[in-house]
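Undergrad: Any chance you could fold what I've pasted below:
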Amino acid sequence: MSGNGDAAATAEENSSKMRVIRVGTRKSQLARIQTDSVVATLKALYPGLQFEIRDKILDTALSKIGEKSLFTKELELALERNEVDLVVHSLKDLPTVLPPGFTIGAICKRESPYDAVVFHPKFVGKTLETLPEKSVVGTSSLRRAAQLQRKFPHLEFKSIRGNLNTRLRKLDELQEFSAIILAAAGLQRMGWQNRVGQILHPEECMYAVGQGALGVEVRAKDQDVLDLVGVLHDPETLLRCIAERAFLRHLEGGCSVPVAVHTAMKDGQLYLTGGVWSLNGADSMQETMQATIHVPAQHEDGPEDDPQLVGITARNIPRRAQLAAESLGISLATLLLNKGAKNILDVARQLNDAH
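TA: Okay, the predicted model is just below:
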């Protein structure tokens, strides 16, 4: 995670009146690990402040309706009621348009954005390509299923639900799945790298917008907390994720349609590849664009009245670079829409809604 000592010191002075910073999380092992890692960094930056982690337990009757978005709503409610001051999320779970009054005040340095394959013990040593015909692969993601069905037509893809622990247990204990696909970053954070049998690179499966990065959500008008967490922004991760989120937002994509990206920063150029797929992967469209973007070597002060970009506030990263990243995402989405991507997305959305 990136940080700047001077900025941190200033923020600590400004924040000295806040004795305890309350951090909201949900009661899942991965959520807690992610929250603990951000809190540990903040504690190192601000030794004079205390941090208190508060678990939110979701009403189980509600959990049938889109668990992740409900947890996000529950935690935003806690922010709104001033019960917590900040919430750590997997950035890929946060919509590109946040409800009024909230903003992403920090995007931490990205871990691996790739997807990983975990194999049933009897198939350890295999790859997706070498799995037997009609092997069943579990994934909860339309994006993964669409791309992988196209790439590996000999396999069958079936939905698998639950947190990481639950999915791994289903893989190992039931004889239903030959393998499951999970985000590599989540497995790394849980310390389960030894279960990874294959990493899927972009030519096999592009990743979700924001995958591998953590976002810190705060109240948009809480300047003390914004200053406090702003030093966690990793400039390269931030600019890549602004481009990715702008692409998704302009496409009007979301979890209900297969949209995927790949970004890279090299020699002052930001490269963005984006694609859309039909649910079965038969129709697809992808393009790559690039833009010249100066990534600051260190944090710089920007104007105080910067509005959010795709739900993100980053006053210490040059505005010009952020706007260039946003523009790249919008340009790529516009190119795909002009080539007919809207039809692919509309059909995918209708079919998904019908299920």
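Undergrad: Where does the prediction get shaky in the stretch 201-350 of the chain?
TA: Scanning the stretch 201-350 of the chain for pLDDT under 70 picks out the ranges 253-255, 296-306.
Undergrad: how about the strands of it, start to end?
TA: Assigned by DSSP state E, counting those that start in this stretch, the strands in the stretch 201-350 of the chain fall at 214-219, 259-266, 269-277, 284-292.
Undergrad: Just the buried residues of the last one, please?
TA: Spelled out, that is strand 284-292. Buried positions in strand 284-292, judged by neighbour count with 16 or more other Cβ atoms under 10 Å: 284-286, 289, 291. (C-beta placed from N, C-alpha, C; glycine too.)
Undergrad: Can you name every helix or strand that that strand contacts?
TA: In terms of contacts (3 or more Cβ pairs under 8 Å, 6 or more residues apart in numbering; DSSP states H and E), strand 284-292 is packed against helix 142-151, strand 269-277, helix 319-338, helix 341-354.
Undergrad: contact partners of that strand?
TA: 146-147, 150, 206, 268-278, 324-325, 327-328, 331-332, 335-336, 339-341, 344 (Cβ atoms under 8 Å, 6 or more residues apart in numbering).
Undergrad: Buried among the residues you listed? Make that a ChimeraX selection.
TA: Listed next is the ChimeraX selection for buried residues among the contacts of strand 284-292, using 16+ other Cβ under 10 Å:
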select :146,147,150,206,270,271,272,273,274,275,276,277,278,324,325,328,331,332,336,341,344
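Undergrad: thinking again about what came up before, distance to Gln34 added to the helices and strands packed on strand 284-292, as CSV?
TA: Output for these, formatted as CSV (distance: least, Cβ to Cβ, whole Å):
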stretch, distance to Gln34
helix 142-151, 21
strand 269-277, 25
helix 319-338, 24
helix 341-354, 28
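Undergrad: between those, which one is nearest to Lys170?
TA: Each of these has some distance to Lys170 by Cβ to Cβ; the shortest is helix 142-151, at 16.4 Å.
Undergrad: could you point out which element follows that closest one?
TA: strand 156-158 (DSSP states H and E).
Undergrad: Distance from the helix or strand just after that next one to the middle of the chain?
TA: Counting by DSSP H and E, the next helix or strand C-terminal to strand 156-158 is helix 164-173. With Cα atoms, centre = their mean, to the nearest Å as the basis, helix 164-173 stands 22 Å off its chain's centre.
Undergrad: mean confidence for helix 164-173?
TA: For helix 164-173, mean pLDDT is 94.
Undergrad: Kindly report the same for stretch 109-119.
TA: Stretch 109-119 carries an average pLDDT of 98.
Undergrad: List the contacts of it.
TA: 1-2, 125-128, 137, 144, 168, 171, 178-185, 187-189, 195-202, 205, 207, 211-213, 234, 236-237, 240-241.
Undergrad: quick one: the helices in the stretch 101-250 of the chain?
TA: 142-151, 164-173, 184-190, 223-230, 235-251 (DSSP state H, counting those that start in this stretch).
Undergrad: And for Arg245, nearest residue in space, chain neighbours not counted?
TA: Spatial nearest neighbour of Arg245, excluding adjacent residues (Cβ to Cβ, 6 or more residues apart in numbering): Val310 at 3.9 Å.
Undergrad: Quick check, the one you found in contact with Ala243.
TA: No. Using Cβ atoms under 8 Å, Val310 makes no contact with Ala243, being 9.2 Å away.
Undergrad: what sits in contact with each of these two?
TA: By Cβ under 8 Å, 6+ apart, the residues touching both Val310 and Ala243 are 326, 329.
Undergrad: Could you check which of the two has the larger neighbour count?
TA: Legend: neighbour count by other Cβ atoms under 10 Å for Val310 and Ala243, higher for Ala243 (32 against 27).
Undergrad: what separates the more buried one from Leu328, distance-wise?
TA: Using Cβ to Cβ, to the nearest Å, Ala243 is found at 5 Å from Leu328.
Undergrad: Kindly report the same for Phe247.
TA: 8 Å.
Undergrad: mind listing what Arg54 touches?
TA: Arg54 neighbours (Cβ under 8 Å, 6+ apart): 22-25, 78, 83-84.
Undergrad: Mind doing that once more with 10 Å?
TA: Shown in contact with Arg54 (Cβ atoms under 10 Å, 6 or more residues apart in numbering): 22-25, 35, 75, 78, 83-85, 87.
Undergrad: overlap in contacts of Phe247 and Leu328?
TA: With Cβ under 10 Å, 6+ apart, Phe247 and Leu328 have common neighbours 263, 272, 274, 289.
Undergrad: Go through those and name the one nearest Phe157.
TA: Gly274 (21.8 Å).
Undergrad: Nearest residue to the middle of this protein?
TA: Lys92 (2.2 Å; Cα atoms, centre = their mean).
Undergrad: Could you report the pLDDT at that residue?
TA: So Lys92 comes in at 93 (pLDDT).
Undergrad: what about it, distance to Asn352?
TA: 18 Å.
Undergrad: How about Thr130?
TA: Taking Cβ to Cβ, one finds Thr130 at 31 Å from Asn352.
Undergrad: Please apply the same query to His154.
TA: On the measure of Cβ to Cβ, His154 and Asn352 end up 24 Å apart.
Undergrad: Neighbour count: the two, which is higher?
TA: Remark: of His154 and Asn352, Asn352 carries more neighbours, 14 against 11, as counted by other Cβ under 10 Å.
Undergrad: Understood, closing this out.
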